[in-house]
Every structure is written in C-alpha cells, then in structure tokens.
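Chemist: Would you be able to build a 3D model of this:
(chains A and B)
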There are 2 protein chains.
Amino acid sequence: MAHNTQVKADASAPPVTRQLAEFVAGHPSGGWTAVVEHEAQRTLLNWLGCAIGASRHAAIEAALAAMREFEPAGQATVVGRAERVDMGSASLLNGIASHTFDFDDTHLRTIIHPAGPVLSAALALAEHGGMSGRALLDALVIGVDVECRVGNAIYPDHYDRGWHITGSTGMLGAAAGCARLLRLDVARTTMALGIAASQPVGVREQFGSMTKSLHPGAAARVGLTAALMAKHGYTASERALEAPRGLLQTYSAKCDWREIHEGLGERFEIATNTYKPFACGIVIHPSIDGCIQLRDELRVSSDAIERVELVVHPLVLELTGKRMPRSGLEGKFSVYHACAAALLFGMAGEPQFSDACVADPSVVEVRDRVHARADTSIAEAAAEITLMLRDGRTMHKRIEHAIGSLQRPMSDVALREKFHRLVDPILSADAATTLVGLCEELPRASSVRALTAAARPG
Amino acid sequence: MAHNTQVKADASAPPVTRQLAEFVAGHPSGGWTAVVEHEAQRTLLNWLGCAIGASRHAAIEAALAAMREFEPAGQATVVGRAERVDMGSASLLNGIASHTFDFDDTHLRTIIHPAGPVLSAALALAEHGGMSGRALLDALVIGVDVECRVGNAIYPDHYDRGWHITGSTGMLGAAAGCARLLRLDVARTTMALGIAASQPVGVREQFGSMTKSLHPGAAARVGLTAALMAKHGYTASERALEAPRGLLQTYSAKCDWREIHEGLGERFEIATNTYKPFACGIVIHPSIDGCIQLRDELRVSSDAIERVELVVHPLVLELTGKRMPRSGLEGKFSVYHACAAALLFGMAGEPQFSDACVADPSVVEVRDRVHARADTSIAEAAAEITLMLRDGRTMHKRIEHAIGSLQRPMSDVALREKFHRLVDPILSADAATTLVGLCEELPRASSVRALTAAARPG
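Modeler: Next up, the predicted model:
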C-alpha cells in the first residue's frame, strides 16, 4: 500500500500547547477588564437558561437513562432535574442540554458555541469540589479563550471539511477550564491539553439529530477527564496541538498559529461572545430577523403573502437548506421553516421549533411559498428578503446584522427575559429570579453549590 | 471569511452505516468457519495477556487514580488488578493496558490493533450483564470486522494525515460489539454506530506518550457509551459514516466504500489478525527478527560488531526513527534501540523496552553503531540488515516477512508462552494456566464471569 509520507508537515510551528498551558496555569484570577467579566456572567446566565430549559427533552431522558446504566455516584447536578450523577455524566448531560435547543451562545467568528463544553465540565468539577464562584468564572474566561483561539487558527477549513467545531475544539476549552480549577501546574496543564487533543468530537452530518447536542457534552467530559488524568500523572505529547502529526495539522489544512498566541492574556475571546434571540443555528438569524420586521410592517394576515424570496450566503443553504423538515429538530436546519414561523408568529423560540409547529399545515403552506437563492456576494451575517403580496405589492428588507449579533447585541434585560422564558416553565418564576441573583453574585460566592442547588427543582 | 463549500462531497456513497448495522444485528451467532473462530480465541488470549501484563504500569495507576475521582460503582474488572470499577472506566482502563506494551494484535493491512477497543468494551459489558462466552466471541468477531472494514476503506490516507487508526476506527468496532451484546435492532444499531462516528480518538503525535495507549481505551468507552445511549433512544444520523459531512469523508480523502460492504458476513477480517512476538510497533519487527537471526548465527559478543546497516521502508523511520530514546516507551519508537537490544539479548520483549534497558550504556553503545537508510523500493514488511564486523567480515540478512506476520504466524504454543511471560509475574503461573483453559472453554461458558474472576489476583 503506497503511503504519502509527505502529507502536510509543518515542523516549524511555535509551541502553542505549552503557550496555552502557561496562560491557563499562570494568568491572574480575574485578570481582565470589567467588560470581559460582564460578558462572562452573561455567558453563564445564557448557558444556564438553555441547559435548564432543555432539561426534560427526550435527548436528556435518553442520555440520562444510559448514564444510569453505570450506576453513577451523586457528585454533581444535572441542572433543571432532581437527579445527581457523577461529575463526568453531569458534564455530558449538561453539555447536551445546553445545545439541545440550539439557543446557546455563539462566537461568531468561528460559529463555536463556547460555553457548552467549558461550563458543563467546569461547573460539575467546581460543584463536587466546593470551589468558589471566582474560580468558576476564571475557568470560564480562560477555557473559552483556549477553544476559540484554536478555532480562530483553523476556521474555516476545519469546519468546511465537516467538523462540528464546537465539539472539535471544545474538549480543549473544557480541559483548560478544569486544569485551571484543579490548579495544575504548567507541565500538567500541558498534559491535560495534550490528552484532550486526541479526542475531538463531532461531524456536521449529525445536524438534525440528537448527536449534534452530544458534541459539546462529550467534549466537556473529555476535557474534565483529561484534566483529572493529567492531575494524576498521565502523559501526552508536549506538542500535541502543533506537531506535524498533532491535532491541528491532522484535522485542518489551515493552521494560523498566530491566532493562538498573539495577545494571549491581553485580548479575551469571550468579549466577542453573542447570545441568540432565536432557537436555531446562527446563520438563519438574519433571515428570521428580517421576516419578523416585515411581519410587523405588514400588519395583515400571512394569507396576503404570495411568495417569499430570500437571498443568502451559500453557507446558509448548505447548513439549513432542508426543504421539508420532518421534526422540530430538523426545522432548525430549514431556513424555509424558520422564515415561515417568523412570518406567522413573529417569533422563533423553542415552541416554533417543536414537532407540532413543523407539521402544522398553516406553517407548511407558508413554508412552501419561501424560495431561497444562494449568492456569494452577500455576507454570512446578512440576508435579503422580498415579500410578493397577492395585491401586487412587494416589500423588501435587507439585514446587515441580525439582532443578537455583535453589532446589535441582546441587552441584559432581553437576556434575562430569555432566561425566564426558558427556566420559568421548568423550575418556577421565583426560582428563576433566585438563579439570576445567584449568577450576579457569583464572583463573590465562596462556593458554587448555592447556584447548583438552586438549579434543581425545589 | 471565505468558505470553500466544495470541500469533498461524494453524495453517492452507499448506505454503509445501515449495511454494517444490518450485519451487526442480523448475522447468525457463530456464523463463520472454525478457522475464524480459532483466530477469535487467539485474539482474546493475546489481548488478555497484554492487558494483564501491563496492569501495574504507571499509565494504569494514573488512569485508575483519575477514574477513582468519579467514585465508580464496582461493575466490572480491571484485569490483573483487585479493583472493580464501572463498565465505562473498566473499558477505558483495560483498553489502555492492552496497548501499553505495544504488544497487542495487529491487522496488518491497516496497522489497526483490533482487539483493544472491541474487547475492552465488550468484556466489561458482558461481565456486568452476566452474558455468555458465545455472545462475547460473537461481539468480538463482528466488532473487529466493522472497525477493520472501515479501516480498509480509508487506509492509508487517513493514517498518513496523522490519525492513529486504532482509536479512530476502534470506537465503531466497540459500538458494534456492544450493540450486538445488547441485542439492539438494526435501527438502534445504526444509531449506535452513528453516535460513535462523532467521537474518533487519536493522533499519531502521541506516539511515545501514555496517550497512545489511551486511544484504544477511550475508543472502547466511546463505543460502549454509544451503544447504551442508542439502547435508550438517543439518535444520530443514519448516514453518519458515509454522508458528505459524515465521518469518513471528513477525516479521509480516500473512501473506498466497497471495502466496507463487499463480502460482509462472508469474509471476516479477524481471520487476518496477527500477534506480536516483540513488544513494539509492527514496522520494526522485520529488523528485529533479522538482528536476532544474525545474533544466533554470529555466536560471538556484540563487541565484534563495528557497524550495523539497515535498509527499511521510509515509514519505518517516520514512525520509529527516534535516534536517542529517553525512556522505555520512546524505545519502542526507535528502530536503533530495538536492533541493539535484539543483537545484545536475542529478544525484544517488554524488559528490553524498560527505562533501564534504554539507558543501559552497553545498549547505547551498540545503538550508536546502528545506521538506517530509507528506501522506497523495499516493502514495509521487509528489512535488510548488514553487520560489519571488526575482523573485516560482513554478514547479511534479508527478511521478507517477520515472525508474527500472516506469512509466518505465531503458533498456538508460542502464543501461550507469550501469555505466560506476561501473566505469570502478575497473577502466578497457575492462575495463568487456569485463564488459558477458560479462554479455550469460553464458547461453551454460560457467563464470562468465571473468566473475569480468574483475571483478578487471588
């Protein structure tokens, strides 16, 4: 069998595994601006709302039943549920739940959902260890920085190949966050990142199935386990990320090492985190935003609409081009369904991505009138929508940046409203309010356990 | 950011995920020849010997200490040790142990070590469930077939990119074996393979560190967990392996689908499994074999050797070209050390790959006299060795196929001797003899628990 021993081989890469480890182990606690700190708290609140909101979903029921087969110890909380399981299972389950509604945070430059892997692992570890809120927030900022910097280095080639970048960089963020919580030294943190580097998670073909949500969950467990193995002396390559046969050169043709080490400890990727007003993939948010705005301007029944024409970046149709979604989950991968729901209901929350809504004949009727065209001249963040009305009028809307983007971020008030919409039905409005307060007080909390206790039903 | 949305996209692939699931769920128990069945038993014995032999290694101590942090239930055996842990941890730990000495079985066409992922997962599940020996052997044959067929489809491109193919196909073999043990139907077996398809393990940069051995262990746990999740209704893409953004097209440019489905259920890859007489990567076996033969012919002290010249395939130096190994583990990736040990001791077992042996001045002295040259005209399975003696004589040996290869397989007697060399020091010679008998009787054992009980210290 002929081998091509010359497949990629950049042996000159800087020692980024070690550089990241030095940052993870050595950066001062809270060593960032108030703006960064505030974004970390918004990230936490959004993650917690998404995970609690989805905690009774069939995906969680199935995954929890599987974890029960291992007879787990009651070390950590599955948020939104009464059950406690071992730290590894908790990180897996909370990671799945945080992504199940596709409503979680997004690092727009890479489409990574940063909190899922990092917080799902770090919270379980911090809860079991009775660690402080400050330590958890440090782990969050640092873990997100690691996964997003690696993402910046390899995006978009890595993603274009088929990797779901949230899970395939997330295990590094989770390992970093957990190594930080465990106070591992630079050498052991290097090993933790190295152990995680052999376990990337997620291919994009899974979009539309429960396994998409497994990706941040499995990445969380990989990272937590890697940090614990490193703590006890397990070894890995010191150049597991950057070596010619290391992770990054193995799974991406693009490896821009400067993205990893430049400004490390000075700029923080979590500062660019965003939160979704709509419960689906970020690429269809401009189309949804435009449809909701047109609906508000139209002020008549959707029966008046004869045809909807979308012009979007090709990636939108590659990722969300399902013409006839068969389930709520598949509906999240259908720009046609999302626009129909937005035009009919003026919303695109989790109820608009239920099985019932996707099968609703009135929605299907509007969906069939939506036509989309890919155009490389339009930005990924943008969309053009034209409504052709039965009375001969046309209405037009061009969105440059959707609500929830960096340019038009969700306000703190809107984020809290989103949190309540997700959490109130699961825990109660009072419990949700208590949780909001605990998140705000977290930097001063001596243990995260008050937070995790409040995340369980009373 | 410019996307290349045209990165590989073969949408015409046959439904191999489903085809494999039909085979896994539907193939008759023991539905193969006596030759295949015998090879399965040899595979089991070799795996068990390797795992028990390495069960006190520092890698296992570290990994076990990490697993203890999860307070695991006592569901399954860590072979060679008194501890019992949950099924997931047992599959991880036994998988690590089975590969730690690099002494495990090899599917030569792909360099996959097939038993590690499959048996480590299947034995833990079968022990906890009190399943029969027949069921375990069925899971072994079927699981190995799945991982090796996938390996055949993507090798060598996948490996050349940097993946450690044992872990990056092994999770599919483990999922298949466990789905079979759980008697999942075709639909759920398809899901089990799909869930595992998002979690490939292992990059080659880890060679020389403990994380190399983590690869089959982590793959085992991924496969076991995937099967249990599928049992409880967790979903994945039905085309997770073959779709344009599925696993195979994502991580390999070569995807020869026929290798997966042609002759499925008729030819069994385990029939081509091989076992190592030497405790290191298979690519240096021809060189070691030649050196041992020359030593036997030479019958004088190694002082008589002035220079050793090797001619090998380029892959040998890419994989095992460490000129100055610093540890026993690194010694396994040094054709120079391996040849020196073979010339000095006439053996290349685990003791010849200890830290002490690698640092031994007399070994280092001979090692420094070994010179290797890569030549693309020589086969991977071959090696040419020339000894230049101080008295002016030269001796020459060309090995076409090393002992342990398909062409010159280890005999059953030699395999049992290898088992005793590995197990006697850990359990006792009597216990090892008992285990050999239990392996031979396994097809008729109503439960695997007698075997796992005998694999623990008395």
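
Chemist: in the stretch 251-400 of chain A, which ranges drop under the pLDDT threshold?
Modeler: Across the stretch 251-400 of chain A, nothing is flagged by pLDDT under 70.

Chemist: Nearest the middle, which residue of chain A would you pick?
Modeler: Using C-alpha atoms, centre = their mean, the residue of chain A that lies closest to the mean C-alpha position is A:His113, 2.2 Å off.

Chemist: Could you double-check that it sits in contact with A:Asp105?
Modeler: Yes. Using C-beta atoms under 8 Å, A:His113 makes contact with A:Asp105 at a distance of 6.0 Å. Bear in mind the C-beta positions are built from the backbone N, C-alpha and C, glycine included.

Chemist: Next, find the distance separating the residue nearest to the centre of chain A from chain B.
Modeler: 15 Å (C-beta to the nearest C-beta, to the nearest Å).

Chemist: Need the pLDDT of that residue.
Modeler: With respect to pLDDT, A:His113 scores 97.

Chemist: three-state assignment of the residue of the stretch 201-350 of chain A found nearest chain B?
Modeler: Of the stretch 201-350 of chain A, the residue with the smallest distance to chain B, taken as C-beta to the nearest C-beta, is A:Thr250 at 3.2 Å. Here A:Thr250 is recorded as helix under DSSP: H, G, I helix; E, B strand; the rest coil.

Chemist: How much space separates the residue nearest to the centre of chain A from A:His107?
Modeler: Counting by C-beta to C-beta, to the nearest Å, the separation of A:His113 from A:His107 is 8 Å.

Chemist: swap in A:Ala73?
Modeler: Plainly put, A:Ala73 is 34 Å away from A:His107 if you go by C-beta to C-beta.

Chemist: These two: which has the busier surroundings?
Modeler: Looking at A:Ala73 and A:His107 with other C-beta atoms under 10 Å in any protein chain shown, you find the greater number of neighbours at A:His107, namely 25 against 17.

Chemist: what sits against the more buried one?
Modeler: Counting by C-beta atoms under 8 Å, 6 or more residues apart in numbering or on different chains, A:His107 touches A:His113, A:Pro114, A:Val144, A:Cys148, A:Gly151, A:Glu269, A:Thr272, A:Asn273, A:Thr274.

Chemist: Quick check: of those, which lies closest to B:Ile403?
Modeler: Nearest to B:Ile403 among the contacts of A:His107 is A:Gly151, at 47.7 Å by C-beta to C-beta.

Chemist: does the nearest residue in space to the closest one that is not next to it in sequence count as helix, strand or coil?
Modeler: Excluding its sequence neighbours, the residue lying closest to A:Gly151 (C-beta to C-beta, 6 or more residues apart in numbering or on different chains) is A:Thr110, at 3.7 Å. Classification of A:Thr110 using three-state DSSP returns coil.

Chemist: I'd say A:Thr110 and A:Asp157 touch.
Modeler: No. Using C-beta under 8 Å, A:Thr110 is not in contact with A:Asp157, being 11.6 Å away.

Chemist: Specify the local secondary structure of A:Arg408.
Modeler: Following three-state DSSP, the label given to A:Arg408 is coil.

Chemist: All the helices of the stretch 51-200 of chain A, residue numbers only.
Modeler: Secondary structure of the stretch 51-200 of chain A (DSSP state H, counting those that start in this stretch): helices at A:58-68, A:87-100, A:115-129, A:133-154, A:157-161, A:165-181, A:186-197.

Chemist: and these, which one's lowest on average pLDDT?
Modeler: Mean pLDDT per stretch puts helix A:157-161 lowest among the helices of the stretch 51-200 of chain A, at a mean of 94.

Chemist: Quick one: list the elements packing against that one.
Modeler: helix A:165-181 (3 or more C-beta pairs under 8 Å, 6 or more residues apart in numbering or on different chains; DSSP states H and E).

Chemist: who in the stretch 251-400 of chain A is up against chain B?
Modeler: A:Tyr251, A:Pro314, A:Leu315, A:Glu318, A:Glu380 (C-beta under 8 Å from any C-beta of the partner chain).

Chemist: Neighbour count and secondary structure added to the residues you listed, as CSV?
Modeler: Compiled in CSV, these are given as follows (neighbours: other C-beta atoms under 10 Å in any protein chain shown; DSSP: H, G, I helix; E, B strand; the rest coil):
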residue, neighbour count, secondary structure
A:Tyr251, 24, helix
A:Pro314, 17, helix
A:Leu315, 20, helix
A:Glu318, 18, helix
A:Glu380, 18, coil
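
Chemist: who's in contact with the residue of the stretch 51-200 of chain A found nearest chain B?
Modeler: Taking C-beta to the nearest C-beta, chain B has its nearest neighbour within the stretch 51-200 of chain A at A:Gly162, 3.2 Å off. Residues near A:Gly162 by C-beta under 8 Å, 6+ apart: A:Val203, A:Arg204, A:Glu205, B:Val7, B:Lys8, B:Pro244, B:Arg245, B:Gly246, B:Leu247, B:Gln249, B:Thr250, B:Tyr251.

Chemist: what does A:Ala58 give?
Modeler: By C-beta under 8 Å, 6+ apart, the neighbours of A:Ala58 are A:Met210, B:Gly233.

Chemist: I figured A:Glu306 was touching A:Arg369, is that so?
Modeler: Yes. The pair A:Glu306 / A:Arg369 is scored as a contact, 6.8 Å apart, by C-beta under 8 Å.
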